[in-house]
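**Student:** I would like the atomic coordinates for the input below:
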Amino acid sequence: MQYINGLEAFSGTGRSAVTLGKFDGLHRGHQKLVERVTEYSRMDGINSIVCSFDMEPLYRRLERPYQVLMTKAERQMHLEDQVDYLVDCPFTETFSQMSAEDFIRDVLAGLFHADYVVVGTDFHFGHQKRGDIHMLAAYQDQYNYQLEVVDKERYEGREISSTFVKEALAAGKMDLVETLLGYPYGVEGTVEHGKKLGRTLGFPTFNVEPPKEKLLPPNGVYLEQVEVDGKWYNAIGNLGVKPTVTDNGRMLIESYLLDYSDNAYGKQVKIRFKSFRRPEQKFRDVAEMKRHVEQDIACGREFFARLK
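**Tutor:** As a prediction, the model looks like this:
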């Protein structure tokens, strides 16, 4: 897969099947769009393209916090080996002024040479969101592409959307989040040195700072799975600011891997939040904290034993 940052950097040749959207989280609904594009690509021997609208410039312009279910690096990783091109399209002020008709002519037809355009039922584009599936349908003969509108995936009667995922995440319902996404929710980061307090208490931990833009579940203790050097380990982790031992307010994930004894400092790891255990809390002292952590570890071993 080739990753392209910005429409002006795209120089692909040949016809294509393209899907467009924000693709925040790449949930099960998004995956249906990607699957259809790859099917058209294999069927006709053409390029498969995911064009992802990058909303960060808009949020910066509006001075609003920019937080997402999936970072750009994570989206690249998820789509690797699935499509030929992932094109990030920054939602700049200039781009926001492009008319829907110009987008069809200059981007879909002129740049991507689209034979197939695959979108969801609520897809909008162009200045003031004037473009929709009806406009795409009206222009398909003129620009020689075939439009496919894919119905929403549903879960228990509700449409699966990034908003639905965010609601479940904010409630700490990690099993529901995983169901909606189709994969476990997590973060990636580099293991950094901490105070080594856990080591003195008998359960050595490591610390990972999550990406600033990454949406996180509520602060608390989670049953986790952590990948180190290509191998997955069951773990217990605290997501939060560790109020018992520090007051700097820095957000960290502190994880104890149940069956790991090597040194992970400086390594890139992946952390999956499997289940919420309890809220983060400030204990009276380290001894009380140790007792609760021991209970968390016992709970974790029971939880993962049931998964075998």
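**Student:** Any idea how many residues pack against Ile46?
**Tutor:** In terms of burial, Ile46 registers 20 neighbours under the definition other CB atoms under 10 Å. For every residue, glycine as well, the C-beta is placed using N, CA and C.
**Student:** mind listing what it touches?
**Tutor:** Gly14, Arg15, Ser16, Ala17, Tyr40, Asp115, Tyr116 (CB atoms under 8 Å, 6 or more residues apart in numbering).
**Student:** could those be laid out in CSV, adding neighbour count and secondary structure?
**Tutor:** Compiled in CSV, the contacts of Ile46 are given as follows (neighbours: other CB atoms under 10 Å; DSSP: H, G, I helix; E, B strand; the rest coil):
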residue, neighbour count, secondary structure
Gly14, 11, coil
Arg15, 18, coil
Ser16, 26, strand
Ala17, 28, strand
Tyr40, 23, helix
Asp115, 18, strand
Tyr116, 24, strand
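**Student:** can you list those in JSON lines and add distance to Asn5?
**Tutor:** Formatted as JSON lines, those follow (distance: CB to CB, whole Å):
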{"residue": "Gly14", "distance to Asn5": "21"}
{"residue": "Arg15", "distance to Asn5": "23"}
{"residue": "Ser16", "distance to Asn5": "18"}
{"residue": "Ala17", "distance to Asn5": "21"}
{"residue": "Tyr40", "distance to Asn5": "24"}
{"residue": "Asp115", "distance to Asn5": "24"}
{"residue": "Tyr116", "distance to Asn5": "24"}
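**Student:** Check the chain and tell me which residue is nearest its centre.
**Tutor:** Met70 (2.2 Å; CA atoms, centre = their mean).
**Student:** sec struct for Lys270, please.
**Tutor:** Judged by DSSP: H, G, I helix; E, B strand; the rest coil, the three-state class of Lys270 is strand.
**Student:** What's the local residue count around it?
**Tutor:** Residues within reach of Lys270, counting by other CB under 10 Å, total 17.
**Student:** Would you mind confirming that it is in contact with Gly186?
**Tutor:** Yes - the pair Lys270 and Gly186 qualifies as a contact (CB atoms under 8 Å) at a distance of 6.0 Å.
**Student:** residues near the nearest residue to Gln67 once chain neighbours are set aside, how many?
**Tutor:** In this structure, Gln67 finds its nearest non-sequential neighbour in Leu215, 4.9 Å apart by CB to CB, 6 or more residues apart in numbering. Around Leu215 sit 19 other residues, with neighbours defined as other CB under 10 Å.
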